[in-house]
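Student: Here is my input; please provide its structure:
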Amino acid sequence: MKSTFTLPDMERLWPAKGNRLLRVAGDWEKAVSFSHHRIARHVYIWDGYVRAGATLIDQCERSATDRHDLVYPILFCYRHGLELAMKWIIAMYGRHAGVHSVDYLNHDLWKLWQACKKVILDFGSDGDNEALRAVEQIVKDFHDLDRSSMTFRYYDDKTGNTIRLPDKPIDLENIKTVMTAVQNFFGGVDGQLGEYSKNAPKKGVI
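Tutor: Residues are numbered from 1 along each chain as shown. Here you go, the predicted structure:
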């Protein structure tokens, strides 16, 4: 049997004897290494999921038919990135506001936001309340769509019922614009709280 076969407009590889998932790279320029530093890995995963969402939207702009497949991983990537952004703020700075990351290990975005907002307001400052309210609305939008990180990964829920999604056309470019702004918000909050924490009592982090 040949190692490849051809479909219209694409060539796809066929599994072969000896294939392994994580093979040591022979070319450093094409290799990637996992971070073994807990904080660095959290940031890489957070940023990676957000960038993946944007990259998939870019692909949909290049190939319009891809949008029907890719909308689900796009929204999952952005949802997971949002979850990680809030968990980062809680883990890094929550102790200064009496918020403990061990209490927020699930996927409930709304509970994460309430804790994250408390950290921002209690430890930071009231800052840009308009931006805070805008981000809160986006968190609520995601929470209403996907309360347990299941909606964009499966067709049915755990009870076998079809997961319902909005019955209207969605603007992918708007998703990218909104989530880029949300990512910028959390990056700014991290920078601000990081400065405040320099003068705060030193305690452990994640």
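
Student: hey, let's count contacts and neighbours off CA atoms from now on
Tutor: Fine.

Student: and the helix or strand harbouring residue 190, what does it pack onto?
Tutor: Using DSSP states H and E, residue 190 falls within helix 172-197. In terms of contacts (3 or more Cα pairs under 8 Å, 6 or more residues apart in numbering; DSSP states H and E), helix 172-197 is packed against helix 38-62, helix 67-93, helix 109-123.

Student: Is it possible to get a markdown table of these that adds mean neighbour count and mean pLDDT?
Tutor: Shown next, in a markdown table, are the helices and strands packed on helix 172-197 (neighbours: other Cα atoms under 10 Å; pLDDT from 0 to 100):
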| stretch | mean neighbour count | mean pLDDT |
| --- | --- | --- |
| helix 38-62 | 17 | 95 |
| helix 67-93 | 21 | 96 |
| helix 109-123 | 20 | 95 |
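
Student: So for residue 12, what's the pLDDT?
Tutor: Predicted confidence (pLDDT) for residue 12: 80.

Student: For it, which three-state class applies?
Tutor: Using DSSP: H, G, I helix; E, B strand; the rest coil, the secondary structure recorded for residue 12 is strand.

Student: For it, give the beta-bridge partners.
Tutor: For residue 12, the beta-bridge partners are residue 5 (DSSP bridges).

Student: how many neighbours does it have?
Tutor: 10 (other Cα atoms under 10 Å).

Student: Residue 31 now?
Tutor: 10.

Student: residues in contact with it?
Tutor: Counting by Cα atoms under 8 Å, 6 or more residues apart in numbering, residue 31 makes contact with residue 25.

Student: Show the backbone phi and psi for it.
Tutor: phi -90, psi 160 (degrees, to the nearest 10).

Student: got it, and residue 162?
Tutor: Per degrees, to the nearest 10, the backbone of residue 162 is at phi -60, psi 130.

Student: Tell me the bridge partners for it.
Tutor: residue 156.

Student: Would you check how far apart it and residue 148 are?
Tutor: For residue 162, the distance to residue 148 (Cα to Cα, to the nearest Å) stands at 15 Å.

Student: what residues are up against the nearest residue to residue 83 once chain neighbours are set aside?
Tutor: Of all residues not flanking residue 83 in the chain, residue 109 sits nearest, at 6.3 Å (Cα to Cα, 6 or more residues apart in numbering). Contact partners of residue 109, counting by Cα under 8 Å, 6+ apart, are 83, 139, 140, 142, 143, 147.

Student: about what we covered before: distance from the chain centre to the helix holding residue 190, please.
Tutor: 12 Å (Cα atoms, centre = their mean, to the nearest Å).

Student: before we move on, what about stretch 163-170?
Tutor: 21 Å.

Student: That stretch: end-to-end distance?
Tutor: Start-to-end, stretch 163-170 (Cα to Cα) is 17 Å.
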